[in-house]
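A.B. asks: Any chance you can model this:
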Amino acid sequence: MKPAWWRFPLFLSFYALTAAGQRQQPLDKAALFDNYVRKALAVWRTPGMSIVVVKDDQMVFKKGFGVTELGKTAAFTTATIGVCASTTKAMTAVCMGMLVDEGKLRWTDRLRDVFPEFSLYDPYVAAELTVRDLFTHNAGLGNTDGLWAYGYSRDEILRRVRWVPPAYSLRSSFTYQNVMYIVAGELIRKVSGQTWEDFITHRLFGPLGMHHSYASYALGAGEPSKETPHFMMPDSSIRTIPFLYHEDLGPAGGVWSCADDMEKWMRFMLDSARVNGRRLLKAGTWSELFRPQSLVTESEFYPTVGLTHSSWTTYGLGWFQEDYRGRMVQFHTGSLDGAVAIVGLMPSEHFGIYIFGNLDHSELRHALMYKAMDLWGFSDNSRDWSAECYAMYKKVKDEGRQKDKEKEARRVKGTKPSVPLATYAGKYTNEIYGDAHVILGGDSLRVEFPNNVCLRLQHWNYDTFVGYYDYFWWDREWIQFSLDPEGKIMQFEKDGVVYKPVKN
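C.D. replies: Have a look, this model is predicted:
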């Protein structure tokens, strides 16, 4: 009989062989991810989605799921055109980088020198604002989305934005907004002699072979497969909604594309802006796009930071940035009414994912981005990102509903307007956002803003009214009228914006 120790080498050798055999059988990541997406879609109830994943300059997953429109049979495929929305911003930054490489301007150039037609409210900011500041959301400008939502042209947006008082001092904080990217698009037009639409089409989409990518919804109108926007109602039913086309949003969020083309875009960005061995950007310019430019405050970052436990959150030139599992992540969401997108890159792992979806703020996009990063970046299938994100965003919604209940509890009941409803009617104006018409119809008021944006008012308390948009999926607003001692209307305020009566 052999001693006990004799068996140990055999046991160890057998264990080593077994472990080696396990290592030689890698996770079938594509199959795991496919199954995961299908189950997650049922939970989040997103009607349709397309996803493409690239790793080491190869496409490793690309598939469409569900339908383009609920109740119809047309499949959502990788050729289905969806709105890139704010993931467009990184593309606009690449376009500006091309002009930097050509020596036509520099990131550090002051706007007053290269684009004197544009100015801002604060003379100091107007004097110090640089080309780079157009891309970093920290120039002091608060949210001014009403300018494009009200349908103003780009020229008119540039004219009106100079009347917007700063929300904070130059480069001292961070407020995400779109208008500065619209300004960047106009600067591209001025410097290149081409509209932003023509420039991005011929200088970016063409060389990359992105033949199904368009700088506007109208340019892609002939595509046979397009997503239809959807919205989840308070009763959890899902309805289709019309697409609200904001033509002049372009450089900030106007691109339409598909998963097939986004594969080419991500491979280009992960290969330091090269395509077919040819550089479209210098290596240094490409690096500048991904270099942290501004710190992002907690309130301006995504709630998912509570799940990723990132140590820092920054913004590059068209990219949100965070650390995840010791790697730098470059990513950005895109959201327009009824449709979403997300792009996530992990350059050190040569990894990228792009997702289109056709349900308003379907945050399944975040869950799938991190799930794919775990699978292809770390060969880890242990974390249920869909369940975690679903629980987190449900909590966010529940907290919002609770705040609504608290606001309702503070409402002073039994009051009535100080003056007859007809007294509130009339034309009002704001130098930034334009005219608003308060109209009396029967026993209720209605406010008409530019671009057919309308609010139906119901009395709340005293001289405050709650307004419901004709676009039923938009949040309600409060309209607060103020009266002078003689009972005449001095102004009304909506979301911090003051409108004054226009005297006849």
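
A.B. asks: How is this structure partitioned into domains?
C.D. replies: For the chain, the structural domains run 29-392, 421-501, going by automatic domain parsing.

A.B. asks: Looking at those domains, which one is packed in the most?
C.D. replies: Stretch with highest mean neighbour count among those: domain 29-392 (a mean of 19; mean count of other Cβ atoms under 10 Å). The C-beta positions use only the backbone N, C-alpha and C, and glycine is treated the same way.

A.B. asks: CA atoms only for stretch 438-445, dumped as PDB, please.
C.D. replies: The C-alpha coordinates for stretch 438-445 follow below in PDB (Å, rounded to 0.1, in the frame of the first residue of the first chain):
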ATOM      1  CA  VAL A 438     -52.700  83.500 -23.000                       C
ATOM      2  CA  ILE A 439     -56.100  82.700 -24.500                       C
ATOM      3  CA  LEU A 440     -59.400  82.400 -22.700                       C
ATOM      4  CA  GLY A 441     -61.700  79.600 -24.200                       C
ATOM      5  CA  GLY A 442     -64.900  79.100 -22.300                       C
ATOM      6  CA  ASP A 443     -64.100  78.800 -18.700                       C
ATOM      7  CA  SER A 444     -60.400  77.800 -19.000                       C
ATOM      8  CA  LEU A 445     -57.100  79.300 -20.100                       C
END
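
A.B. asks: what's the model's confidence in it, averaged?
C.D. replies: On average, the pLDDT along stretch 438-445 is 96.

A.B. asks: tell me which element the spatially most central residue of the chain falls in.
C.D. replies: Centroid-nearest residue in the chain, with Cα atoms, centre = their mean: G334, separated by 3.1 Å. Per DSSP states H and E: G334 is located in strand 327-336.

A.B. asks: Identify the residues contacting that strand?
C.D. replies: 83-90, 229, 243-244, 246, 253, 290, 302, 316, 318-323, 340-349, 360-361, 365-366, 369, 373, 377 (Cβ atoms under 8 Å, 6 or more residues apart in numbering).

A.B. asks: returning to what we had before: save the domains of the chain as a markdown table, and put in distance to K413 too.
C.D. replies: Shown next, in a markdown table, are those (distance: least, Cβ to Cβ, whole Å):
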| stretch | distance to K413 |
| --- | --- |
| domain 29-392 | 23 |
| domain 421-501 | 7 |
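
A.B. asks: between these, which one is nearest to E406?
C.D. replies: domain 421-501 (14.4 Å; Cβ to Cβ).

A.B. asks: S119 contacts A126, doesn't it?
C.D. replies: Yes. Using Cβ atoms under 8 Å, S119 is in contact with A126, at 4.6 Å.

A.B. asks: In this structure I238 contacts D360, no?
C.D. replies: No. Contact status for I238 versus D360: not in contact, 9.4 Å apart, counting by Cβ under 8 Å.

A.B. asks: shared neighbours of these two, anything?
C.D. replies: With Cβ under 8 Å, 6+ apart as the test, I238 and D360 both reach 230-232.

A.B. asks: in the stretch 1-150 of the chain, which segments are predicted with low confidence?
C.D. replies: Counting by pLDDT under 70, the stretch 1-150 of the chain shows low-confidence ranges at 1-25.

A.B. asks: Once you drop chain neighbours, what's closest to M233?
C.D. replies: R239 (6.0 Å; Cβ to Cβ, 6 or more residues apart in numbering).

A.B. asks: from memory that neighbour sits against P229, does it?
C.D. replies: No. Using Cβ under 8 Å as the test, R239 is too far from P229 to be in contact (9.7 Å).
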